[in-house]
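A.B. asks: Pasting the sequence and the predicted coordinates here, then a few questions.
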Amino acid sequence: MTFSASAYQNEYLPEGATEVHAVVTVTSEGGVAPASASGTERAVVLIVDSSGSMNQPSSKIRAAREALAVAISELPDGTWFAVIAGSDLATPAYPPVPPGGVPQLVEASDRTRSEATSVARFLVAQGGTAISTWLDLALVFFASRPNAIKLAYLLTDGQNQHESPETLAAALARCSGVFQCDARGVGADWRVAELRQITSALLGEVDIIKSPDEMDEDFHAFLERAMGKTVADVRLRLWAPQGATVQFVRQVAPTIEDLTDRATAVSPLIGDFPTGAWAGDESRDYHVCVKVAPGAVGEERLAARVSLMVGDLAVSQALVRAIWTNDEAQSARIDPAVAHYTGQAELAAAIREGLDARTSGDDRTATIKLGRAVQLANASGNDGTVRLLQKVVDVEDPATGTVRLKRDVEALDEMALDTRSTRTVRVTKAANPAPPAPGAGA
Amino acid sequence: MTATTASAATCDACSASVAPGDRFCEACGHRLGAAPAPTATAAPAGGATACRSCGAVGSFVDGWCSSCGLKQPARRDHLELELLEVGVAGVTNKGRRHHRNEDAMAALAGDGFVVAVVCDGVSTTVRPDDASQGAADAAAAVLLAAGPAAPDHGHAYDAARAAVIAVDFVPHPDLGPPSCTYLAAVVTDAAISLAALGDCRAYWVDDTVARQLTVDDSWATAQVQEGLMSSAEAYADPRAHAITAWLGRDADPAWVPALVEFVPPGPGRLLLVSDGLWNYAHEPADVARAMQAGDDLAALPSARRLIDFANAAGGADNITAVIVDLPLPKGSAPA
């Protein structure tokens, strides 16, 4: 598998300018090796909420049992796995831990799949919810296969009620960098911010499962993604010159994820940003913004070197340059990719702020923010987000962002908009630049 | 450990420990103590060069200072050529306001003749520096092979155009494909044969006269030629220097270089220059003055003077000057 990185930017800056923007596209190629054929070890921990609320209605726990059983039956031979039943404490549902023994992952085979499926079909829902215990048990399981690509899937229907936010944060700090975790909320009783906190820390994705009968498909999709991963722990290494400040580093496609605070310092000028495991056919975009000392007209400086690190090996790199010019025609141009993703980030923020304002009863702000979101989503061709927004607002004119808040909004629709607000679309030739925001108070 | 000893043993930027006598922190590149920034003449021995911006020594990666990021001087920022057996020299220079030199020059001596080419990369295109160098080298080679009896400007231009089109490039939304201007000369004592497309200029300068031999393919020239404006009015317009013809993939196939034949009246000097020079010396007499023709200097120092003149005047563009002194020395043919 090979990686390539390219930077898209307008390297020309007007005299005195210091902020350098670039979009770095990282692409992996080389196809997806079949799980059993490659030397890559994969470990999967399936964490299913088995708290009492999963019985209300009981269709939830029944659907979870069935989906889990199907997922287990699909695990390819050789995959290392475990199943955790989560309540106010975490139970190793499979494989069982012998008395006095240590939880260990088991290799998928006809026998283990069949045993695990039987266990899944008898999952009992009772007790409370303390997610930190689930993550900590996953951490112990994963420790038995330290070299594997480690991916967890966490399914819950409620809030993390039986522990403090600090306890969860501490567990996330322990797990961060060890394994990745996707999180799914079933129904409308869970909190988006809580699961997003987990997936942000553990480089996963959060999503909503509106109805229990959708679990099956989602489990299946997770396993497919997991089996596609072939390289673990890929990092973006960013060099910026002496005196420069890294303003932000964000993943902007396929979803927006701010990595700025995730850097591990390698040296005073170099930081590593985690990107998790990669499949053999992925492409992700990163928006990098570095503030450098102003240069003289005619001067050219390297504003950032972005290297893709696999272990200690730089497998590809892209250069972000700064050239100061007095030619306004050159410096006035905004790179289309930078403009597009600036708009997509504003879109995600507008949705978040609009929903927050709506929740707190500030309808005026909610209307402005969600209107702006409609305008941005429409202009950038982000049709998925447009459809989600239409469940929350009545759109009068998408071009100007004129909207009215819907009076009756389904909680599920609002949560779907919230969880999926960070999904972006790639730059296309058809995409228009982000329109200017409507005048304040208009 | 006290504060005073700590400051001597650690980098005050990153606190890494440093050896006595170190001028730069090995960990972060920070300059230590109050040592003066090294100058070009104070470059450390042993081949290690210092960054001219931050002074970090010998730590360049792919041509960039690994401390402050400054692009280190490129070979093409300033180049000189001199054909020692004949009176031919050229200098090309980045100027003071552009980040790279997109001008290119080539000069070759044949049996009793000299060929010289100057090309100026179009800065609103991709990789104009590679376009101009490719064009200059390709044209000079063809002209040398064809000889002076019947200068083969047609094939030379075709070769230059092919070289420009051959430049590998990634299309850019706002920039054109690789492009450059073209000025080629085949020179004997008896005749100067020129082919020009774009706005590089040829001048003849001798003891009594300085005259421009070529006509620019530019907006200003077109306005004047069509009687729409005076020269002064045209050159005051921001569009004055927009070129109306160039070499490149997107060039109109109908554009061909204008051919000029000039019979030198006697001893004198042919100048081929890019617009980075004549921007500051509009009239032929101004160019002669800038070169301080009366000083009777050899070709190379004269070309340097022209570059210095344009840089002193602002150096807004890349500057190139190639000089061919006539008559060519007798028996100057290369083996």
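C.D. replies: Yep, that arrived. Numbering: from 1, shown residues only, chains lettered A, B, ... in the order given.
A.B. asks: Just grab the bridge partners of the residue in the stretch 301-442 of chain A that chain B sits nearest to for me.
C.D. replies: Nearest residue of the stretch 301-442 of chain A to chain B (CB to the nearest CB) works out as A:Leu302 at 3.9 Å. All C-beta spots, glycine's among them, are computed from the backbone N, C-alpha and C. Beta-bridge partners of A:Leu302, counted by DSSP bridges, are A:Arg321.
A.B. asks: From A:Arg235, how far off is it?
C.D. replies: Distance, A:Leu302 to A:Arg235, by CB to CB, to the nearest Å: 20 Å.
A.B. asks: Look at these two and report which has more neighbours.
C.D. replies: Higher neighbour count among A:Leu302 and A:Arg235: A:Leu302, with 26 against 21, using other CB atoms under 10 Å in any protein chain shown.
A.B. asks: My guess is that one contacts A:Val320. True?
C.D. replies: Yes. With contact defined as CB atoms under 8 Å, A:Leu302 counts as touching A:Val320 (7.3 Å).
A.B. asks: Tell me which residues touch residue 116, please.
C.D. replies: By default, I'm working from chain A. Shown in contact with A:Ala116 (CB atoms under 8 Å, 6 or more residues apart in numbering or on different chains): A:72, A:81, A:83, A:94-95.
A.B. asks: let's do chain B instead
C.D. replies: B:Ala116 is in contact with B:88, B:90, B:105-108, B:140, B:184-185, B:187, B:270, B:272, B:322, B:324, counting by CB under 8 Å, 6+ apart.
A.B. asks: What pLDDT does the model give residue 313?
C.D. replies: By default, I'm working from chain A. Here the pLDDT value assigned to A:Leu313 is 91.
A.B. asks: my bad, the chain I had in mind was chain B
C.D. replies: For B:Ala313, the predicted pLDDT is 95.
A.B. asks: That one is in contact with B:Tyr280, isn't it?
C.D. replies: Yes. With contacts counted by CB under 8 Å, B:Ala313 reaches B:Tyr280, the gap being 4.0 Å.
A.B. asks: Name the residue in these two with the higher neighbour count.
C.D. replies: B:Tyr280 (21 against 15).
A.B. asks: Quick check: that one touching B:Leu306?
C.D. replies: No. Counting by CB under 8 Å, B:Tyr280 does not reach B:Leu306; the two are 9.7 Å apart.
A.B. asks: shared neighbours, these two?
C.D. replies: In contact with both B:Tyr280 and B:Leu306: B:Ala290, using CB under 8 Å, 6+ apart.
A.B. asks: which residue is nearest the middle of the chain?
C.D. replies: Picked chain A for this. Chain A has A:Glu205 as the residue nearest its centroid, 3.9 Å off, counting by CA atoms, centre = their mean.
A.B. asks: not quite, I wanted chain B
C.D. replies: B:Thr92 (3.2 Å).
A.B. asks: mind listing what the residue of the stretch 301-442 of chain A closest to chain B touches?
C.D. replies: A:Leu302 makes contacts with A:241, A:319-322, B:64-65, B:69-71, as judged by CB under 8 Å, 6+ apart.
A.B. asks: which SSE is A:Arg403 in?
C.D. replies: For residue A:403 the amino acid is Val, not Arg. Taking DSSP states H and E as the definition, A:Val403 sits inside strand A:402-405.
A.B. asks: what residues does that strand touch?
C.D. replies: Residues from elsewhere that reach strand A:402-405, judged by CB under 8 Å, 6+ apart: A:358, A:363, A:366-367, A:370-371, A:374, A:389, A:392-396.
A.B. asks: From A:Lys150, how far out is the closest residue in space to A:Ser144 that isn't next to it in sequence?
C.D. replies: Residue nearest to A:Ser144 in three dimensions, not counting chain neighbours: A:Gln104, with 4.1 Å by CB to CB, 6 or more residues apart in numbering or on different chains. Between A:Gln104 and A:Lys150 the computed distance is 14 Å (CB to CB).
A.B. asks: more neighbours, these two?
C.D. replies: Each of A:Gln104 and A:Lys150 has its neighbours counted (other CB under 10 Å); A:Lys150 has more, 30 against 16.
A.B. asks: Need phi/psi at the more buried one.
C.D. replies: The phi/psi pair for A:Lys150 (degrees, to the nearest 10) reads phi -110, psi 120.
A.B. asks: For it, name its beta-bridge partners.
C.D. replies: The partner residues for A:Lys150, given DSSP bridges, come to A:Ala43.
A.B. asks: Next up, the contacts around it.
C.D. replies: A:Lys150 sits next to A:43, A:45, A:142, A:178-180, A:232 when contact means CB under 8 Å, 6+ apart.
A.B. asks: How confident was the prediction at A:Pro436?
C.D. replies: Reported pLDDT for A:Pro436: 59.
A.B. asks: For the stretch 301-442 of chain A, what lies in contact range of chain B?
C.D. replies: Within reach of chain B by CB under 8 Å from any CB of the partner chain, the stretch 301-442 of chain A has these residues: A:301-303, A:305, A:319, A:322-327, A:329-330, A:333, A:336.
A.B. asks: Which two of those residues have the greatest separation?
C.D. replies: Greatest spatial distance in those: A:Arg305 and A:Ala329, 27.7 Å, computed using CB to CB.
A.B. asks: Those two: who's more crowded?
C.D. replies: Each of A:Arg305 and A:Ala329 has its neighbours counted (other CB under 10 Å); A:Arg305 has more, 24 against 11.
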